[in-house]
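Trainee: Got a sequence here, can you build the structure:
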Amino acid sequence: MDRYERILTLHRLLKSARYPVAMTRLREELGCSRATIYRDVAFLRDALGAPIESDAETHAIHYSGDDADRFELPGLWLSSEELSALVALQELIGRTGPGILASALAPLRTRIERLMSDHSDGTALPLERIRVITSKARKIDEAVFRDVAGAVLRRQRLRFGYRARSTAQATQREVSPQRLTHYRDNWYLDAWDHSRDALRSFALDRINHSRILDVAAEDRNPAELDAHLADSYGIFSGKAKAWATIRFSPHAARWVADEHWHTQQQGQMLKDGSYELKLPYSNSKELLMDILKYGPDAEIIAPLPLREEMKILLQLAVGGYQ
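Mentor: From the prediction side, this is the model:
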């Protein structure tokens, strides 16, 4: 543990302790000699202004006085673990889509790299050790993303043009943004659509000419949002219409049993080693797509209409290869 981390650990110990901290505990926590602790305590008190007091007999130390609760280390102090987590998060955010918030994240990246340099004793930053792979991410206009995120956070209405992928029809929408959702490497806006008087989800890559309005957004009840937007499987909104039962082979069970498909899912291992998964759905399209990935290792048991729909899809797929 270098001096930077010792000072940070010492400060956090004193902030959280309800009683004076004994020297033996300090040596255990900091992993250094008594003389080093004395130097760190002196630096924390004299250079950083910490309200430290010590007991002359026991040598235990604590924060005291009215400033004890208010005192914090000046500047930004992070442990190496926290800094590593911050770097990983920054890399993840930076790769959620081509160009998304690139200009806004640039100053943050510079500050993180400077902090890492201070910690690394002159060695190269280990950013190349973090690998983030996106899959099927669609390109989004950075200006649109900023407008949508700003409207969500500032609770203002948003007006934009929208071209639905299913119909290719262009429409104008005025909405009250509710939530910004990142799902399967793509961004969606959950909003109250004033022209439809209903909750809708909009893919950000289909939004254009966005403009934040000087009108307060209409907030919907969180329970209503969850019931409409999170009740059924996948990104498709609406109340669940049925429950699907899918049985996975013993081979696929080793993966599926550890996967999270839905907040209300029910799963159980069967005696033959297969895995049975039950979950609610509204629109079958995405659910069928995910089941198809498992090929012969997945079978829809119920309901019968969903099973028949899968049968038709498989027959059409086979027909394409004949």
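
Trainee: for the spatially most central residue of the chain, phi and psi?
Mentor: Centroid check for the chain by C-alpha atoms, centre = their mean gives residue 182 as the closest residue, at 8.1 Å. Taking degrees, to the nearest 10, you get phi -110, psi 110 for the backbone angles of residue 182.

Trainee: So residue 147 sits against residue 210, correct?
Mentor: Yes: counting by C-beta atoms under 8 Å, residue 210 is a contact partner of residue 147 at 4.0 Å. No exception for glycine: its C-beta is placed from N, CA and C like everyone else's.

Trainee: intersection of neighbour lists for these two?
Mentor: Counting by C-beta atoms under 8 Å, 6 or more residues apart in numbering, the common neighbours of residue 147 and residue 210 are 158, 160.

Trainee: roughly how far apart are the most far-flung residue of the chain relative to its centre and residue 262?
Mentor: Most distant from the centre of the chain: residue 57, at 49.7 Å, with distances by C-alpha atoms, centre = their mean. Between residue 57 and residue 262 the computed distance is 61 Å (C-beta to C-beta, to the nearest Å).

Trainee: ditto for residue 52
Mentor: 52 Å.

Trainee: ok, now residue 25?
Mentor: From residue 25 to residue 262 the distance is 46 Å (C-beta to C-beta).

Trainee: of the two, who's got more company?
Mentor: residue 262 (19 against 12; other C-beta atoms under 10 Å).

Trainee: which ones are touching the more buried one?
Mentor: Residue 262 sits next to 233, 279-280 when contact means C-beta under 8 Å, 6+ apart.

Trainee: Out of those, the closest to residue 322 would be?
Mentor: residue 233 (31.6 Å; C-beta to C-beta).

Trainee: Was I right to think the closest one contacts residue 282?
Mentor: Yes: in this structure residue 233 lies within contact range of residue 282 using C-beta under 8 Å: 7.2 Å.

Trainee: Out of those two, name the residue with the larger neighbour count.
Mentor: residue 233 (23 against 19).

Trainee: Let me see the confidence value for that one.
Mentor: Note on residue 233: pLDDT of 82.

Trainee: Tell me where the stretch 201-322 of the chain has strands.
Mentor: 207-216, 242-248, 266-269, 275-281, 298-302 (DSSP state E, counting those that start in this stretch).

Trainee: Distance to residue 195 and mean pLDDT added to those, as a markdown table?
Mentor: Below are the strands of the stretch 201-322 of the chain laid out as a markdown table (distance: least, C-beta to C-beta, whole Å; pLDDT from 0 to 100):
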| stretch | distance to residue 195 | mean pLDDT |
| --- | --- | --- |
| strand 207-216 | 14 | 95 |
| strand 242-248 | 30 | 97 |
| strand 266-269 | 38 | 96 |
| strand 275-281 | 27 | 96 |
| strand 298-302 | 37 | 97 |
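
Trainee: quick one: which of those is nearest residue 157?
Mentor: For residue 157, the closest of the strands of the stretch 201-322 of the chain is strand 207-216, at 4.3 Å, according to C-beta to C-beta.
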